[in-house]
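>>> What would the 3D arrangement of this be:
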Amino acid sequence: MTSSGSPDYTAFAARYDSWFAASGTTAATVAALAGLAGAAGPGPALELGIGTGRIAVPLAARGVEVHGIDASPAMVEQLRAKPGGEHIPVTMGDFSTVGAAAAGPGAGAGPGPDTGAGTGAGTGLPGTYVLVYVVSGTFAELTSQDAQVDCFAGAARLLRRGGLFVLDAHVPEALTDDRSTGGQVLPTGNGELVLRFRETDRAAQRYRSHYIVLDQGAGGLGMHRTTVSFRYAAPGELDLMARLAGLRLRERWADWTGAPFTSSSAYHVSVYERPE
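Prediction:
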């Protein structure tokens, strides 16, 4: 058994995409982002937490110029192995500081370049991007309010006027529901068994997801465990972060298909705009 108190991307990078294959969300996410990029006008897009390129590679195949930023070399190695992935510029670093270098002296250190194609993708000049996005609940992996506020501010600096910042997240009420905090079996695309358990701290607005993966390898049955920490925020708090960054809410959906967001929605996709 392998175990980690923080995300063990080295152990899980190769199987990460299979965790999303059964849900069918990848195609809908790519289609929605391609539509938003087209509506925002010509120009590149930036993915925060680009990881394995699960979204970036098919989005680039649709004709969108995609750049990325990520902190895990193991995840980016998976991206580089995909057809077309070698052409996507990736900056290695913490996406909470995205755009810091664009703010000028004293704004903080930006991330360093990847050894692959391109440099400085995560810290481009102000007004570089028509679309900045973070998907699969990755925004919540910024585990402090300050880091989340900084991420909004950095994304806003990198957007052109009329550009869009898009994120998805759980609705907090759904997270604290008893049904979501108990153990769940997650469907995967390769048939391995993944169990998830959540611990929720309402006072701190945080939760931890524990993943246990059982797989059959050459040496017999293997078990791996990793834990990912998150900070959740209600849509209203996210809207305030956007306002502080000079952005405004353009639309909010219940999922990546564009379904209406209602009082019963457990998830949301929020699209923020930098005013013209």
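>>> which residues in the stretch 151-276 of the chain form strands?
Counting by DSSP state E, counting those that start in this stretch, the stretch 151-276 of the chain has strands at residues 159-170, 184-186, 193-201, 206-217, 220-231, 248-253, 267-273.
>>> which parts of the fifth one are buried?
Applying a neighbour-count criterion of 16 or more other Cβ atoms under 10 Å, the buried positions in strand 220-231 are H224, R225, T226, T227, V228, F230, R231. For every residue, glycine as well, the C-beta is placed using N, CA and C.
>>> how many degrees apart are it and strand 159-170 in direction?
120 degrees (axes from the mean of the first three to the mean of the last three Cα atoms, to 10 degrees).
>>> what mean pLDDT does strand 220-231 have?
Averaging pLDDT along strand 220-231 yields 82.
>>> Next: the last one.
The predicted model gives strand 267-273 an average pLDDT of 98.
>>> Please apply the same query to the second one.
When pLDDT is averaged over strand 184-186, the result is 77.
>>> Just send the strands of the stretch 151-276 of the chain back as TSV, with distance to Y129 too.
Conversion of these to TSV gives the following (distance: least, Cβ to Cβ, whole Å):
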stretch	distance to Y129
strand 159-170	6
strand 184-186	32
strand 193-201	33
strand 206-217	30
strand 220-231	25
strand 248-253	16
strand 267-273	13
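>>> hmm, back to that, between the buried residues of strand 220-231, which is nearest R243?
R231 (18.9 Å; Cβ to Cβ).
>>> Return the set of residues that bridge with that closest one.
Beta-bridge partners recorded for R231 (DSSP bridges): R206.
>>> low-confidence ranges in the stretch 1-150 of the chain?
Along the stretch 1-150 of the chain, the parts satisfying pLDDT under 70 run over 1-8, 11, 21-23, 101-124.
>>> all helices of the stretch 1-150 of the chain, in order?
For the stretch 1-150 of the chain, applying DSSP state H, counting those that start in this stretch gives helices covering 9-12, 18-21, 25-40, 56-61, 73-80, 145-158.
>>> wait, which of those is closest to E273?
Closest among the helices of the stretch 1-150 of the chain, using Cβ to Cβ: helix 25-40, at 8.6 Å.
>>> in that closest one, what's buried?
Here helix 25-40 shows T25, T26, A28, T29, V30, A31, A32, L33, A34, L36, A37, A40 as buried, counting by 16+ other Cβ under 10 Å.
>>> The residue lying closest to the last one once chain neighbours are set aside: neighbouring residues, count only.
Setting aside the residues directly before and after it, A40 is nearest to V130 in space (Cβ to Cβ, 6 or more residues apart in numbering), at 4.0 Å. In terms of burial, V130 registers 25 neighbours under the definition other Cβ atoms under 10 Å.
>>> V130 contacts G41, doesn't it?
Yes: contact criterion Cβ atoms under 8 Å: V130 and G41 qualify, at 5.5 Å.
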